[in-house]
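Enquirer: Next come a sequence and a model predicted from it.
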Amino acid sequence: MSHHYAQELQIALLAVQRATLLTKRVFHEKAKGTASKDDKSPVTIGDFGAQALIISALRHSFPGDEIVAEEEASALRENEGLRSQIWELVKTTKLNDTSAEEQLGGGIKDEAAMLDIIDEGKSKGGAKGRIWAIDPIDGTKGFLRGGQYAVCLGLMVDGDVKVGVLGCPNLPVDDSVSLDTKAGVDQSDEEGKGVLFGAVQGQGATSRPMSTGRLQGSKPIHMKRVEDITQATFCESVEAGHSSQDDAAKIAQKLGIAKPSVRMDSQAKYGSIARGAGDLYLRLPVRKDYQEKIWDHAAGDLIVREAGGVVTDVEGSRLDFSVGRTLAENKGVIAAPKAVHSQVLDAVKSVLAAK
Ligand SMILES: Nc1ncnc2c1ncn2[C@@H]1O[C@H](COP(=O)(O)O)[C@@H](OP(=O)(O)O)[C@H]1O
Ligand SMILES: [Mg+2]
Ligand SMILES: [Mg+2]
Ligand SMILES: [Mg+2]
């Protein structure tokens, strides 16, 4: 059966847009209510709330699909304070358009149902069937710092990403605003900010301004043509523990790039290069044993490829989303326009080989 994924894209865009209304409310509140996960990484009431709203929307339209989501509710079951703060946000966050809200199935029944919904994201992933990957807040550290963050949703079918959506409340709406070194720091969702990226395999990538109700009109986006690699703008993580900034600096030097990197949190990096605001995204392993999570890459990988880019790991292999909740077969990420990807990859390989 041929499949155009029109309904999947529509629901994913609306679900992400609604979830960002919740994260923006949290962003503007002083008490962000963080908890610490087993791996010591932070999670906020925004992460839990956004995950609940997205899963609830997916369940309404696609009840048979599997879901891989980053967060789980166990910490909330033991913490009534945290739980009720999240429920307060979830039950009062709605799109201000009746038809759009209806497409998402409206709200969640009660607090207990919310916890169960959050826990519906425990699929093991894999190579068979329809599986959604959700990162309710990607770049949680950036979110807490007032940097970039993204609400991320991807649909994989038989291990291949078919639909990808990124909501980036703190990026400029205008695709032509080039990244500078301030793009990742001290950002807010003031006037002129907030963009939704979307892509369907084989149909290209788009951006549109975020709204509080129905979807706004979209524009196709494309990666920028790199005439001269020495003038390229590359982005990397703010967190030195997530991507080796030392290796990135050596790779840049090898390519003759003198401009400092743009450091920003989250998959906003993928969105930014896909729209031509920057050129390259390098994610270079710091720890040999770390496995990248599928929800950190699924949407961004498709959006960049549909905008004319190539995304591989540091060895040049495509990211393999078919092996579970992590990218167990890949290390790092190299995303670049098609015409220069192999040149960048050569530089990456030679720098990493020399270590
Ligand atoms: N050692 C590590 N190496 C690479 N990525 C890591 C990591 N530890 C955590 N991460 C992931 O890095 C993501 C943020 O990426 P970035 O640095 O590009 O903003 C985090 O997503 P969350 O913020 O959703 O937890 C987390 O999943
Ligand atoms: Mg996290
Ligand atoms: Mg993440
Ligand atoms: Mg996250």
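Expert: Received it, and whenever you're ready, just let me know what you need. Keep in mind the model is a prediction, meaning the values are calculated, not measured. Ligands and ions are numbered 1, 2, ... in the order given.
Enquirer: Can you give me the neighbour number for the residue of the stretch 101-250 of the chain found nearest ligand 3?
Expert: When distances are taken as CB to the ion, the stretch 101-250 of the chain reaches nearest to ligand 3 at Asp138, 3.5 Å away. The C-beta positions use only the backbone N, C-alpha and C, and glycine is treated the same way. Per other CB atoms under 10 Å, the neighbour tally for Asp138 reads 29.
Enquirer: quick one: pLDDT of it?
Expert: If you check Asp138, the pLDDT there is 98.
Enquirer: So which bits of stretch 190-197 are buried?
Expert: Using 16 or more other CB atoms under 10 Å as the test for burial, stretch 190-197 gives Lys193, Gly194, Val195, Leu196, Phe197.
Enquirer: and of those residues, the nearest to His60?
Expert: Ranked by distance to His60 (CB to CB), the buried residues of stretch 190-197 are led by Leu196 at 19.6 Å.
Enquirer: Report the contact partners of that closest one.
Expert: Leu13, Val16, Gln17, Val165, Leu166, Gly167, Cys168, Ser207, Arg208, Pro209, Met210, Leu215 (CB atoms under 8 Å, 6 or more residues apart in numbering).
Enquirer: for the residues you listed, which one is nearest Val348?
Expert: Leu166 (24.1 Å).
Enquirer: From Ser266, how far out is the closest one?
Expert: Leu166 sits 9 Å away from Ser266, going by CB to CB, to the nearest Å.
Enquirer: list residues touching both of these two?
Expert: Common neighbours of Leu166 and Ser266, using CB under 8 Å, 6+ apart, are Ala150.
Enquirer: Surely Asp180 is in a strand?
Expert: No: per DSSP: H, G, I helix; E, B strand; the rest coil, Asp180 lies outside any strand segment and is coil.
Enquirer: Minimum distance to ligand 3, which residue of the stretch 201-350 of the chain gives it?
Expert: Proximity of the stretch 201-350 of the chain to ligand 3 (CB to the ion) peaks at Asp296, 4.2 Å away.
Enquirer: Looking at this structure, which strand is longest?
Expert: For the chain, the strand reaching the highest residue count under DSSP state E is reported as strand 160-172.
Enquirer: thought the residue of the stretch 201-350 of the chain closest to ligand 3 was touching Gln267?
Expert: Yes: applying CB atoms under 8 Å as the test, Asp296 and Gln267 come out as touching, 7.0 Å apart.
Enquirer: Show me which of the two is the more surrounded one.
Expert: Taking neighbours as other CB under 10 Å, Asp296 and Gln267 compare with Gln267 leading, 32 against 24.
Enquirer: got a list of what that one touches?
Expert: Going by CB under 8 Å, 6+ apart, Gln267 touches Asp135, Asp138, Gly139, Ala150, Cys152, Leu166, Cys168, Asp296, His297, Ala299, Gly300.
Enquirer: where's stretch 52-70 relative to the chain centroid, distance-wise?
Expert: 17 Å (CA atoms, centre = their mean, to the nearest Å).
Enquirer: Output it as PDB, nothing but the C-alphas.
Expert: Coordinates of the C-alpha atoms in stretch 52-70 are reproduced here as PDB (Å, rounded to 0.1, in the frame of the first residue of the first chain):
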ATOM      1  CA  ALA A  52       1.900  12.900  28.500                       C
ATOM      2  CA  LEU A  53       0.200  15.300  26.000                       C
ATOM      3  CA  ILE A  54       2.000  13.800  23.000                       C
ATOM      4  CA  ILE A  55       1.300  10.200  23.900                       C
ATOM      5  CA  SER A  56      -2.300  11.000  24.600                       C
ATOM      6  CA  ALA A  57      -2.600  12.600  21.100                       C
ATOM      7  CA  LEU A  58      -0.900   9.600  19.400                       C
ATOM      8  CA  ARG A  59      -3.100   7.100  21.300                       C
ATOM      9  CA  HIS A  60      -6.200   8.900  20.000                       C
ATOM     10  CA  SER A  61      -5.400   8.700  16.300                       C
ATOM     11  CA  PHE A  62      -3.100   5.700  16.200                       C
ATOM     12  CA  PRO A  63      -4.100   3.300  19.000                       C
ATOM     13  CA  GLY A  64      -2.200   0.300  17.600                       C
ATOM     14  CA  ASP A  65       1.200   2.000  17.300                       C
ATOM     15  CA  GLU A  66       4.200   1.400  19.600                       C
ATOM     16  CA  ILE A  67       5.900   4.200  21.400                       C
ATOM     17  CA  VAL A  68       9.500   4.700  22.500                       C
ATOM     18  CA  ALA A  69       9.600   7.800  24.800                       C
ATOM     19  CA  GLU A  70      12.400   9.100  27.000                       C
END
